[in-house]
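Peer 1: Sequence first, predicted model second:
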Amino acid sequence: MCGISGIVGNSWLNQQLDVMLTTQHHRGPDAEGTFISEDHFAGLAHNRLSIIDLSADARQPMQDSSGRFCMVFNGEVYNYLELKATLAPEFNFKTKTDSEVILYAYIKWGKACLDKFIGMFAIAIWDNKEKLLWIARDRFGVKPLYYAFDDNNNFYFASEIKSLHAAGIPKISNVSTWAAYLGYGRYDHSENTFWKGVLKLLPGCHMVFKDGSLKIEQWYNLPDHTGLSFDNRSVEDVTERYLAVLEDSIRLRFRSDVPVGINLSGGLDSSALLNLVNKVQGENSEIKAFTFITGDDRYDELPWVNEMISQTKHPLITCLLEARDVPRLAESVQSFEDEPFGGIPTLAYARVFEEARKNGVIVLLDGQGIDEQWAGYDYYQKSENSVASPTIQGSKDSSVMPDCLDKGFLSLSGGWHNPEVYSDKLRNMQYRDTFFTKIPRALRFNDRISMRSSTELREPFLDHRLFEIAFRQPENFKIQGNTGKWFMRQLLKNKLPGKVVDAPKRPLQTPQREWLRGELREWADSMIKDAISSSPFLIGKQVQKKWHNFADGKSDNSFYIWQWISLALINKA
């Protein structure tokens, strides 16, 4: 996992490319490099976090033997060895990297190479003959890619928004995105960001910049989604196929020349991951496991984690977040996120990556993706069809406060409708959460906090082959009675402790509510006052009323409280 950036156009300066490189140093502290075409029309930059082939030969930007093509790449293509075997008769490989495989795969197959990749990636390749820049992003958008134009139509791209701003793209708030977020809880659901003029390449899309114009196309979607029929195979047959692919997914994600660890919660997802890691690696696997705690027994999942890990040889490292850590850590994390993030749970997860790096673990696996595949969230069972589903589970209070916003500002939010690409409501909700709500924002949060500590996060369940199997299954494979993730529970019932398999879905939680109205009340009050003073679209009296109601225990949902804190954090960043 690395950082990539670049500029294409007639009137840019070398210093702009240099500052983009410096700004993303945390994404790749092991090496850095730049490429500038002879005519100074294109410049590419790369920050390297060494994961596969640690030698200097593997550094980027990477050129082919002819010098026509130059590539920068962020992420991993896990099946690179298999692809390399196919390409080897035609190309002379000089490294052991997946990067070189990607470059020659593009030369041989063009954009069709994307269909052959299993992995997470943002790829940029400059064709010096055609004067063409090609950029592609992986199927689910695990790896980020942002872009912008300046007033002279120079094209800029980078892994992080701050790099574009550092290069001179004006840092101006996108009021439409802020209105959608504050009024309706929508974010990371479109190509728009919280910053005017800065866009993201959407998951499963690629783009070509040539002759001053940009063309974007979607290269991946769940196959035949508009008329996808249900699978008619038995549970046993589906289980056999799904397990085989899942084991392969985990096996591929252990391809690394640096230590790999596991992030654990006490939930079914990470417990399943641990079980399958042991199956793939063997019962004597001693890779380190990490879990965060807050010292609050109502939220900490340590008892479930200890039960899962007690019969293995994995060392467990607990990562403590205390209330007193939040103010400083929130400012630090915000400076890496560039946009609003998911509150104190994100800070707790940031602790995991800090501890992993301290313990020499550079790659972590986690269980993101099962809930969207197998309908694990409680609102799937209730058939709630909210746009963003941002509410804290178990809370009946509203998650957003549009009455605290100026009506003119709120009207700028624009419309958005849930995609309806299937004939059934459940799969439409799963599709929405996979491509527009749950997964996109979780991937952004997690990419930035992992990169903040210069660590790589790999997510075996975010393998497109698994999603394609799961989306073919009928509703009774996913929900039975009031139980979600039915298929996964059946698959794991003889492999995990009963209390882990049968436990209800628990959202990733910390004592956010308790801390904000308790130990962090003074800090939160100060931040909310800062937000009111710096944000003319907030109705101060209404905000103060809602804040005091929450602080006095009259409201149980802290999502909108964190929204206002986010305003202050971003103003400080």
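Peer 2: Structure received. Residues are numbered from 1 along each chain as shown.
Peer 1: Look at Gly343 and report its pLDDT.
Peer 2: Note on Gly343: pLDDT of 96.
Peer 1: For the stretch 351-500 of the chain, which segments count as strands?
Peer 2: 363-365, 456-458 (DSSP state E, counting those that start in this stretch).
Peer 1: Would you mind giving the domain segments of this structure?
Peer 2: 3-172+190-218, 235-391+422-428+448-510, 513-572 (automatic domain parsing).
Peer 1: weakest of these by average pLDDT?
Peer 2: The weakest mean pLDDT among those belongs to domain 235-391+422-428+448-510, with a mean of 89.
Peer 1: Burial check on Phe461, number of neighbours?
Peer 2: 25 (other CB atoms under 10 Å). The C-beta positions use only the backbone N, C-alpha and C, and glycine is treated the same way.
Peer 1: Do I have it right that it meets Gly369?
Peer 2: Yes. Applying CB atoms under 8 Å, one finds Phe461 in contact with Gly369, separated by 3.5 Å.
Peer 1: State the distance from Ile344 to Ile561.
Peer 2: Note on Ile344: its distance to Ile561, by CB to CB, to the nearest Å, is 11 Å.
Peer 1: Can you tell me the closest non-neighbouring residue to the most centrally placed residue in the chain?
Peer 2: Closest residue to the average C-alpha location of the chain: Leu443 at 1.2 Å, with CA atoms, centre = their mean. Distances taken as CB to CB, 6 or more residues apart in numbering place Val142 nearest to Leu443, at 5.6 Å, with adjacent residues excluded.
Peer 1: re the thing from before, give me the common contacts of Phe461 and Gly369.
Peer 2: Asp269 (CB atoms under 8 Å, 6 or more residues apart in numbering).
Peer 1: Any idea how many residues pack against the nearest residue to Leu457 once chain neighbours are set aside?
Peer 2: Using CB to CB, 6+ apart and skipping the chain neighbours, the partner closest in space to Leu457 is Ser450 (4.2 Å). Residues lying near Ser450 (other CB under 10 Å) number 27.
Peer 1: I'd assumed Arg444 was in contact with Ser450.
Peer 2: No. Using CB under 8 Å, Ser450 is not in contact with Arg444; the gap is 11.1 Å.
Peer 1: Gln16: helix or strand, and which one exactly?
Peer 2: helix 14-23 (DSSP states H and E).
Peer 1: Which secondary structure elements does that helix sit against?
Peer 2: Applying 3 or more CB pairs under 8 Å, 6 or more residues apart in numbering; DSSP states H and E, one finds that helix 14-23 contacts strand 3-8, strand 31-36, strand 42-48, helix 161-166.
Peer 1: Put the alpha carbons of the lengthiest helix in the chain into PDB.
Peer 2: Counting by DSSP state H, the longest helix found in the chain is helix 235-252. Provided in PDB are the C-alpha atoms of helix 235-252 (Å, rounded to 0.1, in the frame of the first residue of the first chain):
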ATOM      1  CA  VAL A 235     -27.000 -24.900   1.100                       C
ATOM      2  CA  GLU A 236     -24.300 -27.600   1.100                       C
ATOM      3  CA  ASP A 237     -23.200 -26.900  -2.500                       C
ATOM      4  CA  VAL A 238     -23.100 -23.100  -1.900                       C
ATOM      5  CA  THR A 239     -21.200 -23.700   1.300                       C
ATOM      6  CA  GLU A 240     -18.600 -25.800  -0.500                       C
ATOM      7  CA  ARG A 241     -18.100 -23.200  -3.200                       C
ATOM      8  CA  TYR A 242     -18.100 -20.200  -0.800                       C
ATOM      9  CA  LEU A 243     -15.600 -21.800   1.600                       C
ATOM     10  CA  ALA A 244     -13.200 -22.700  -1.200                       C
ATOM     11  CA  VAL A 245     -13.200 -19.100  -2.500                       C
ATOM     12  CA  LEU A 246     -12.900 -17.700   1.000                       C
ATOM     13  CA  GLU A 247     -10.000 -19.900   1.800                       C
ATOM     14  CA  ASP A 248      -8.300 -18.900  -1.400                       C
ATOM     15  CA  SER A 249      -9.000 -15.200  -0.700                       C
ATOM     16  CA  ILE A 250      -7.300 -15.500   2.700                       C
ATOM     17  CA  ARG A 251      -4.400 -17.500   1.300                       C
ATOM     18  CA  LEU A 252      -3.800 -14.800  -1.400                       C
END
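Peer 1: Touching that helix from outside, list them.
Peer 2: Counting by CB under 8 Å, 6+ apart, helix 235-252 makes contact with 78-79, 118, 231, 233, 273, 276-277, 279-280, 365, 460-461, 463, 465-466, 469-470, 473, 477, 487, 490-491, all of which sit outside it.
Peer 1: at 6 Å what do you get?
Peer 2: Tyr78, Leu276, Val280, Pro460, Asp463, Arg465, Leu466, Ile469, Leu491 (CB atoms under 6 Å, 6 or more residues apart in numbering).
Peer 1: which of the residues you listed tops the neighbour count?
Peer 2: Neighbour max across the contacts of helix 235-252 (other CB under 10 Å) = Pro460, 26 neighbours.
Peer 1: Identify the residues contacting that one.
Peer 2: Ser249, Ile250, Arg253 are the contacts of Pro460 under CB under 6 Å, 6+ apart.
Peer 1: Contacts only, for Tyr431.
Peer 2: Pro419, Val421.
Peer 1: Asp525 versus that one, what's the distance?
Peer 2: For Tyr431, the distance to Asp525 equals 40 Å [CB to CB].
Peer 1: Give me the distance between the two termini of stretch 64-71.
Peer 2: 9 Å (CA to CA, to the nearest Å).
Peer 1: Same check on stretch 331-348?
Peer 2: Stretch 331-348 end-to-end distance (CA to CA) = 14 Å.
Peer 1: hmm, back to that, most packed of the helices and strands packed on helix 14-23?
Peer 2: Highest mean neighbour count of these: strand 3-8, a mean of 28 (counted as mean count of other CB atoms under 10 Å).
Peer 1: how much does that one deviate in direction from strand 42-48?
Peer 2: Calculated by axes from the mean of the first three to the mean of the last three CA atoms, to 10 degrees, strand 3-8 forms an angle of 170 degrees with strand 42-48.
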